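1. Okay, sequence plus prediction incoming.
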Amino acid sequence: MKFYTCREKVGPKPFRIAIIGAGPAGLAAAGYLACNGYEVHVYDKMPEGGGMVAFAIPEARIPINSVRAGVKALEELGVSFHFRTKVVHDSPKELGDEWAEHFISIERLLSEFDAILIATGAWRPRKLKVPGAELSGVYDALRLLHDIKLARLGYRSWKRVPDLKGKHVVVIGAGYTAVDVVLEARLLGAEKITMAYRRSIEHSYAKNEIRKYVREGVEFIEYATPVRIVGSGEVEAVEFAKTRIVEGSVVTTDEKFIIDADIVVYAIGQLPTSPIREVICANEKILQDAGIFFAGDVIAPRNIGVAMREGKAVAQKIEKWLLEKAPKRVFPVALGVRLIGGALGGRC
Ligand SMILES: Cc1cc2nc3c(=O)[nH]c(=O)nc-3n(C[C@H](O)[C@H](O)[C@H](O)COP(=O)(O)OP(=O)(O)OC[C@H]3O[C@@H](n4cnc5c(N)ncnc54)[C@H](O)[C@@H]3O)c2cc1C
């Protein structure tokens, strides 16, 4: 997997850039900047690069060796990687944190580097908030896929992965993540898989994959949203309400129905996980003047191609900023630290 193609490396430039996050966005940016002569350091809490592609997307779809080849090419280009290193400021605990052995503050990076790119993705699953969601047998899809991928890569045992053999798995959602749960559930021997989505298949950007699975026997229920997980201790069924789309919004109706389930997996979205809480101001001038830039899922949901394109585009912005402004950084480092520390709080 190529994160950046460097045709000819340009001679060294006197700037150092820190990139937080070795997913597609951070890696594409790293490639562009290293190719153009900048000193680039990439920090990631995980033991190797690739982000969601390495640690959530099933091995059957994107093999780790292709991701590793892409990361190695960047190393050969001169990018320095600091794995198992979490960059912290005010970020709460997130998926994958247990892999971090080193912690470095964003303030320190600001004082040691000329610019920072935050490309930390969206590693916090949106929680299913219905009665019964805490029952045993209910999983959030991102954690489940992450655990399966870690087991497949040999980082962990299979103990954390539920036994899906012969089970009826109900998947809530219809995005990439939901589709990948279907793929892994099939590989892990689920007997029956039902997907349920609050809109129609036409609204899903994974509709082609879903159609293929439906042809192969996966049940797909449109216009349904879960209102309760049924069971005592363990999940036994899911109660859904039918939905309607009114002026583009989902409206829940009073019409309910129940589906039996052994395992319920919800894939209802992920939240951005930036070391700085206020990402809504992403790439706003005030942050750029302090030398802080954003790219990828940390701003809003992207896909691999978009994240890489954005990583490169923001790297070009960083380059322009460095060449035009950094020698007389508009905000001194200390002010940059204060900005991210609090002043943005009320604004974003
Ligand atoms: C299950 C699943 C399936 C998908 N399938 C597809 C698909 O088929 N096609 C497609 O185009 N897209 C797919 N996507 C979406 C795609 O993976 C993302 O859009 C893309 O990975 C975003 O790239 P990113 O670099 O912004 O973030 P990420 O890939 O999430 O990378 C962020 C990196 O930042 C690191 N990090 C986070 N916080 C810190 C911190 N504080 N300090 C240090 N490191 C940190 C993480 O460890 C991670 O390596 C899928 C996503 C998921 C979850």
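-> That came in fine, so what should we check first?
2. for the closest residue to residue 75 other than its chain neighbours, what are its contacts?
-> Distances taken as CB to CB, 6 or more residues apart in numbering place residue 81 nearest to residue 75, at 6.6 Å, with adjacent residues excluded. In short, each C-beta sits where N, CA and C put it, glycine included. Under the criterion of CB atoms under 8 Å, 6 or more residues apart in numbering, the neighbours of residue 81 are 22, 41-42, 44, 49, 71, 74-75.
3. Can you narrow these down to the ones near the ligand?
-> Intersecting the contacts of residue 81 with the surroundings of the ligand, defined as CB under 6 Å from any ligand atom, gives 22, 44.
4. can you tell me which of the contacts of residue 81 are in helices?
-> 71, 74-75 (DSSP state H).
5. So which of these is the closest to the ligand?
-> Each of these was checked against the ligand using CB to the nearest ligand atom; the closest is residue 71, at 10.7 Å.
6. what sits against whatever residue of the stretch 201-348 of the chain ends up closest to the ligand?
-> Proximity of the stretch 201-348 of the chain to the ligand (CB to the nearest ligand atom) peaks at residue 296, 2.2 Å away. With contacts defined as CB under 8 Å, 6+ apart, the neighbours of residue 296 are 21, 23-26, 119, 121, 302, 307, 310-311.
7. where does the chain dip in pLDDT?
-> Within the chain, the set of residues satisfying pLDDT under 70 comprises 90-92, 277-286, 326-348.
8. Would you map the helices across it?
-> 24-35, 52-55, 64-77, 106-112, 141-153, 176-187, 207-215, 285-289, 304-324, 333-338.
9. From those helices, pick the one with the highest average neighbour count.
-> Highest mean neighbour count of the helices of the chain: helix 24-35, a mean of 30 (counted as mean count of other CB atoms under 10 Å).
10. ok, back up a step: the residue nearest to residue 75 pairs with what?
-> Using DSSP bridges, the bridge partners assigned to residue 81 are residue 42.
11. measure the nearest residue to residue 149 once chain neighbours are set aside to the ligand for me?
-> Leaving aside its sequence neighbours, residue 149 sits nearest to residue 55 (CB to CB, 6+ apart; 5.5 Å). In this structure, residue 55 and the ligand are separated by 7 Å, where distance is defined by CB to the nearest ligand atom, to the nearest Å.
12. my guess is residue 55 contacts residue 148, does it?
-> No: taking CB atoms under 8 Å as the contact criterion, residue 55 and residue 148 are not neighbours in contact, 10.3 Å apart.
13. Pick out the most distant pair among the contacts of residue 81.
-> Taking every pair in the contacts of residue 81 and measuring CB to CB, the maximum separation is 14.1 Å, between 41 and 71.
14. so residue 73 touches residue 2, yeah?
-> Yes: between residue 73 and residue 2 a contact is recorded at 7.1 Å, counting by CB under 8 Å.
15. what's across from the nearest residue to residue 252 once chain neighbours are set aside in the sheet?
-> Nearest-residue entry for residue 252: residue 241, 4.8 Å, with adjacent residues in sequence omitted and distances by CB to CB, 6+ apart. For residue 241, the beta-bridge partners are residue 225, residue 256 (DSSP bridges).
16. Around residue 241, count how many other residues there are.
-> Per other CB atoms under 10 Å, the neighbour tally for residue 241 reads 18.
17. Give me the distance between it and residue 27.
-> Using CB to CB, to the nearest Å, one obtains 42 Å as the distance from residue 241 to residue 27.
18. Please report the distance of the residue nearest to residue 252 from residue 141.
-> If you measure residue 241 against residue 141 using CB to CB, the figure is 21 Å.
19. now swap in residue 183 and tell me
-> Separation of residue 183 from residue 141 (CB to CB) stands at 11 Å.
20. And residue 235, by the same measure?
-> Residue 235 sits 15 Å away from residue 141 when distances are taken as CB to CB.
21. wouldn't residue 211 be in contact with residue 195 here?
-> No: contact between residue 211 and residue 195 fails when scored by CB under 8 Å: they sit 11.4 Å apart.
22. Would you mind listing what in the stretch 101-250 of the chain touches the ligand?
-> Taking CB under 6 Å from any ligand atom as the contact definition, the stretch 101-250 of the chain meets the ligand at 119-121, 123, 142, 145, 176-177, 180.
23. Quick check: of these, which lies closest to residue 206?
-> Proximity of these to residue 206, judged by CB to CB, is greatest for residue 176, which lies at 5.6 Å.
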